[in-house]
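J.: sequence first, predicted model second:
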Amino acid sequence: MKQSQLFTKARKEAPADEVAKNAKLLIRAGFVDKLQAGVYTYLPLGLRVLKNIENIIREEMNKAGGQEILMPSLHPKELWQTTGRWDTMDDLYKVSDASGRENALGPTHEEIVVPLAKQFISSYRDLPFATYQFQNKFRMELRAKSGILRGREFIMKDMYSFHRDEADLAAYYEMMKGVYARVFERVGLGERTYLTFASGGSFSKYSHEFQTVTPAGEDTIYVCDACRVAVNKEIIADQDTCPSCGKSDLREETAIEVGNIFDLKSRFSNPFKLTYKDEEGKDQTVVMGCYGIGLGRILGTVVEVLGDDNGLVWPQAIAPFAVHLVEISSADASVRDGAEKLYNDLTQEGVQVLWDDREARAGEKFAESDLIGIPLRVVVSEKTLAAGTFEAKNRATGEVSMVDRAELINMCTTQ
RNA sequence: CGGGGUGUAGUAUAUCGGUAGUACGUCUGCUUUGGGAGCAGAUAGGCCGAGUUCGAUUCUCGGCACCCCGACCA
């Protein structure tokens, strides 16, 4: 798209009170807007990144057999009373209407998905299955912080799996570890993300988190370099060696939790009496797993991990555009014509291009291009036209190359 | 929720119990066009509510918001 048509603008300065790198850069570059602490609007550029992340997750969940649905955010009080969490979950947003009816704003969806599943599960033949959604979650954080990393309203992918017994759940759970690793690999966090043993599991003594190492992290983990797994500090007292290989030379790191998987077992199927008939016609309890990924957290974590002094740096897979076409303003109309021709060519090849067609000085455009962080910057100017080439610069490496039209189109379509 | 800090324009700040000023930014025009350029003009502010006072941005009290540390959590 033409940058002149973007209704948002980049800013030279970040808001004075922002400390978090992700908030500073995302606000400056016009990817998000803060409405209040922990509550953000995704602007056109930011939403493109978020949707790219969402699509990667969707593809992987579908491959894992997940069926996408969309559950509501407004949850009747009664369902939350059934599990006891109306009273015990202290970050639950409770709202009441004019008639006095009370609802919760969903912080998670076990209370909704279990009664839903109950309608369709009667026999062992109906199991197993998994269903997921992308949904806004509400949690009354007393202290929202770290930019978009810890919000009061945030988008999460939550999947729930239903099984006839623990063995089937365990097998699915193991498979999901691999699915999650693949998701983090694809969004560009693979190298720094560790499967992490944490508290809260029911059939094993662990649940599993996926923790990305970054100084912006809120958690402390102990990494075993030999097996590329980690242990959350919360359980390090009980578990001071690598749960995988038993080694004790673990490396301390701060990290941000980007995803987690839980074996819920019958924690939620019991209160809702979610059962099925086995081959003998006897009632058996359905067991469940749940699997969450925070989309905004991934986005913010990528900024924390890859962003540099000049701004954002997006991995190709989630970048808002593949190419930033920067036209250096000129009185010579052939520059505009050259840029437009290239824009049309690339667009026809299916390349997503942001074309900076604004009247502005070169330095300003370059600075903004770096700030926005699109992986490949292509310059069209009097110079490049005279040389008969285009200048292509890799945002992440800073590498510059002069290429002709065919080479450039090749670069853009093969990466 | 405990502790700390801060609230004057988008940002950084100045002044003062008596018409709130400067710089940067932003916007418009002209010039300029390879790393945030120049000139001219314009824009925009005392967090909210009580109280004291002839008069409060300033003093008092109470709220609220934002940021940071901790606790909690994904």
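T.: On my side now, so go ahead. These numbers were taken from a predicted model, which means no experiment stands behind them. Residues are numbered from 1 along each chain as shown, chains lettered A, B, ... in the order given.
J.: low-scoring stretches of the stretch 101-250 of chain A, by residue?
T.: Residue ranges of the stretch 101-250 of chain A with pLDDT under 70: A:201-204.
J.: so which residues of chain A form helices?
T.: Along chain A, counting by DSSP state H, helices occupy A:21-28, A:44-63, A:77-82, A:85-88, A:110-120, A:166-186, A:295-306, A:333-348, A:362-372, A:382-387, A:405-414.
J.: which one of those lies closest to RNA strand B?
T.: Ranking the helices of chain A by proximity to RNA strand B (C-beta to the nearest atom of the strand) places helix A:362-372 first, at 2.1 Å. Every C-beta, even on glycine, is put in place using the N, C-alpha and C of the backbone.
J.: tilt between the closest one and helix A:44-63?
T.: Angle of helix A:362-372 versus helix A:44-63, following axes from the mean of the first three to the mean of the last three C-alpha atoms, to 10 degrees, is 30 degrees.
J.: could you point out the longest strand in chain A?
T.: Longest strand of chain A, by residue count under DSSP state E: strand A:251-265.
J.: what packs against that one?
T.: Secondary structure elements in contact with strand A:251-265, counted by 3 or more C-beta pairs under 8 Å, 6 or more residues apart in numbering; DSSP states H and E, are helix A:166-186, strand A:193-198, strand A:207-213, strand A:219-224, strand A:287-294, helix A:295-306.
J.: how about it: buried residues?
T.: Buried residues in strand A:251-265, counted by 16 or more other C-beta atoms under 10 Å: A:253, A:255-265.
J.: repeat that for stretch A:15-32.
T.: A:18, A:20-32.
J.: I'd like those residues as JSON lines, with distance to A:G106 and pLDDT appended.
T.: Compiled in JSON lines, these are given as follows (distance: C-beta to C-beta, whole Å; pLDDT from 0 to 100):
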{"residue": "A:E18", "distance to A:G106": "28", "pLDDT": "84"}
{"residue": "A:A20", "distance to A:G106": "26", "pLDDT": "90"}
{"residue": "A:K21", "distance to A:G106": "30", "pLDDT": "92"}
{"residue": "A:N22", "distance to A:G106": "25", "pLDDT": "93"}
{"residue": "A:A23", "distance to A:G106": "25", "pLDDT": "92"}
{"residue": "A:K24", "distance to A:G106": "30", "pLDDT": "92"}
{"residue": "A:L25", "distance to A:G106": "30", "pLDDT": "93"}
{"residue": "A:L26", "distance to A:G106": "25", "pLDDT": "94"}
{"residue": "A:I27", "distance to A:G106": "27", "pLDDT": "93"}
{"residue": "A:R28", "distance to A:G106": "32", "pLDDT": "93"}
{"residue": "A:A29", "distance to A:G106": "31", "pLDDT": "94"}
{"residue": "A:G30", "distance to A:G106": "30", "pLDDT": "93"}
{"residue": "A:F31", "distance to A:G106": "26", "pLDDT": "95"}
{"residue": "A:V32", "distance to A:G106": "22", "pLDDT": "94"}
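J.: now the nearest residue to A:A20 once chain neighbours are set aside: how far from A:D168?
T.: Distances taken as C-beta to C-beta, 6 or more residues apart in numbering put A:G147 closest to A:A20, at 3.6 Å, once the chain neighbours are dropped. A:G147 is 40 Å from A:D168, where distance means C-beta to C-beta, to the nearest Å.
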